[in-house]
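> Give the three-dimensional model of this entry:
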Amino acid sequence: MKREHLAKILLLLIVLILIGSSGYAYFQHNAGLALILSVATFISLVLIYLLMPQAKVDQISSKDSPQLTQAQYEQNLKDAQHQLMIQEKLASVGLLAAGIAHEIKNPLNFINNFSDMTVEMLDELKQELENPLNSCDNETKEAINSIVEDVVVNCKKINEHGKRAESIIKNMLIQARTSAVEKAPLDLNALLEEYLNLSYHGMRAQNNKLNVKIDKLLDNTLPQVTVDQQSIGRVFLNIINNALYASNQKSEKENNNFMPTITIASEQDPEYVKIKIKDNGNGIPEEIRKKIFEPFFTTKPAGQGTGLGLPICYDIVVKEHGGILEVNSQPGEFTEFIITLPKDKST
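Residues are numbered from 1 along each chain as shown. Alright, predicted model coming up:
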């Protein structure tokens with residue numbers, strides 16, 4: 001701006017000198033010199049005209065868009081670098097978790113398979129012992145049968161919890177996968193319950209004092225919906241994690257009469273299926289509610305939130321699946337996320 005002002009002043013001085021010189025040449029009856037000076041004056045006036053609008057535009061833009069101070073710029077840069085570092089750590093943790101889950105899967109398969117085989121072998125053992133036990137007294141016979149039954153029950157429990165662990169590992173691998181979107185008809189009720197358990201037990205592993213009541217209001221007539229299991233599972237997991245976090249944060253500040261509660265519900269209308277995830281935490285104020293789907297905006301303390309979870313959920317629901325993601329909240333009372341997905345046309 002200083003250079004432009006200086007150029008404009010110099011051009012004005014040159015114009016004044018040219019006008020004076022042109023007049024002097026005219027009075028001296030030097031027509032050729034007067035003509036040259038007049039043309040130079042005209043060119044100078046044109047240059048001044050071209051410079052003046054640019055100066056005005058620069059002046060207006062400088063008023064409308066205040067420049068960041070050096071301190072603000074450095075702080076913004078540090079914040080961006082911090083977020084990138086967090087994302088890099090999360091990516092590394094995700095890869096590590098996927099590797100661990102994959103390695104655990106193989107021995108877990110052996111546990112499940114051998115527990116099944118052991119139950120079958122015990123059934124055969126009971127048949128083989130039937131005749132020899134007839135010659136034993138009742139007390140001995142009952143003791144042996146009791147031991148065999150206890151071993152059968154234990155093996156069945158091992159298999160049951162092994163299947164549960166296998167399901168958790170399967171979902172961990174689905175979350176870590178980075179393949180393209182693959183949509184298929186799925187039972188959203190079952191998917192929602194699965195990720196609710198995954199989220200709850202994951203947070204319990206980090207905080208063994210976590211105690212949350214779970215209410216389920218699921219529509220058992222809900223039709224299957226064509227979605228990408230990985231993507232929608234990520235949405236469920238993220239929102240449920242936030243709900244558990246919010247209700248638990250409130251319980252730490254309230255008295256013992258407060259019970260953290262998560263409610264998951266499903267319902268439908270002729271065109272859509274709706275999944276609702278509600279917590280009784282501190283709620284979200286209106287001014288914050290408008291920003292929660294913006295990238296890098298988070299209400300969690302530094303190091304606990306990246307501000308990317310809900311924007312990713314929004315893109316998955318709205319852009320990938322043509323649905324709607326909404327939030328209702330009453331500060332101090334509750335927060336409810338509503339995931340609306342279109343039904344398959346054939347249903």
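
> Return the residues in contact with N241.
Contacts for N241 (Cβ atoms under 8 Å, 6 or more residues apart in numbering) come out as S199, G202, M203, G309. Every C-beta, even on glycine, is put in place using the N, C-alpha and C of the backbone.

> got JSON lines for those, with secondary structure and distance to L218 too?
Output for these, formatted as JSON lines (DSSP: H, G, I helix; E, B strand; the rest coil; distance: Cβ to Cβ, whole Å):
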{"residue": "S199", "secondary structure": "helix", "distance to L218": "16"}
{"residue": "G202", "secondary structure": "helix", "distance to L218": "21"}
{"residue": "M203", "secondary structure": "helix", "distance to L218": "21"}
{"residue": "G309", "secondary structure": "helix", "distance to L218": "24"}
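
> neighbour-wise, which of these leads?
Using other Cβ atoms under 10 Å as the neighbour criterion, S199 leads the contacts of N241 with 21 neighbours.

> right, and that residue touches L237 too?
Yes - between S199 and L237 there is a contact under Cβ atoms under 8 Å: 5.5 Å.

> shaky segments in the stretch 51-200 of the chain?
51-68, 81-103, 167-168, 170-181 (pLDDT under 70).

> show me where it has strands.
Counting by DSSP state E, counting those that start in this stretch, the stretch 51-200 of the chain has strands at residues 183-186.

> which SSE is L341 in?
strand 334-342 (DSSP states H and E).

> and if you look at I288?
Using DSSP H and E, I288 falls in helix 286-289.

> Mind checking the pLDDT average for that helix?
In this model, helix 286-289 has a mean pLDDT of 80.

> Following the chain onward from that helix, which element is next?
From helix 286-289, the next helix or strand downstream (DSSP H and E) is helix 309-314.

> buried residues in that following helix?
In terms of neighbour count (16 or more other Cβ atoms under 10 Å), helix 309-314 has its buried residues at G309, L310, P311, I312, C313, Y314.

> Hmm, which of those residues is lowest in pLDDT?
The minimum pLDDT among the buried residues of helix 309-314 falls on G309, with 73.

> State whether N220 is indeed within a strand.
No - counting by DSSP: H, G, I helix; E, B strand; the rest coil, N220 is located in no strand; its state is coil.

> wait, it sits on N189?
Yes - using Cβ under 8 Å, N220 makes contact with N189 at a distance of 7.3 Å.

> Comparing those two, which residue is more hemmed in?
Ranked by neighbour count (other Cβ under 10 Å), N220 and N189 place N189 first, with 19 against 6.

> contacting residues for that one?
Counted by Cβ under 8 Å, 6+ apart, N189 has contacts L218, D219, N220, L222, S266.

> And what about A205, helix, strand or coil?
A205 is classified as helix under three-state DSSP.

> Just the buried positions in stretch 215-233, please.
L218, L222, Q224, V225, T226, V227, D228, Q229, Q230, S231, I232, G233.

> meant to ask about stretch 252-260, not that
P260.

> tell me the mean pLDDT for it?
Here the average pLDDT along stretch 252-260 is 78.

> Kindly report the same for stretch 207-216.
84.

> distance between the ends of that stretch?
End-to-end distance for stretch 207-216, by Cα to Cα, to the nearest Å: 23 Å.

> what's next to that stretch, contact-wise?
193, 196, 200, 203-204, 244, 247-248, 251, 259-265.

> Show me how to select, in ChimeraX, the buried members of those.
Listed next is the ChimeraX selection for buried residues among the contacts of stretch 207-216, using 16+ other Cβ under 10 Å:
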select :193,196,200,203,244,247,248,251,260,261,262,263,264,265
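
> Nearest to G281 among the contacts of stretch 207-216?
Of all the contacts of stretch 207-216, G281 sits closest to S247, with 4.6 Å by Cβ to Cβ.

> Surely the closest one is within a helix?
Yes - using three-state DSSP, the assignment for S247 is a helix.

> quick one, domains of the chain?
2-63, 70-178, 179-347 (automatic domain parsing).

> hmm, back to that, least confident of the buried residues of stretch 215-233?
Q230 (81).

> Assumed it was part of a strand.
No - checked against three-state DSSP, Q230 lies outside a strand; its state is helix.

> returning to that earlier point: any chance of the contacts of N189 in a markdown table, plus distance to P185?
Below are these laid out as a markdown table (distance: Cβ to Cβ, whole Å):
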| residue | distance to P185 |
| --- | --- |
| L218 | 18 |
| D219 | 17 |
| N220 | 17 |
| L222 | 12 |
| S266 | 16 |
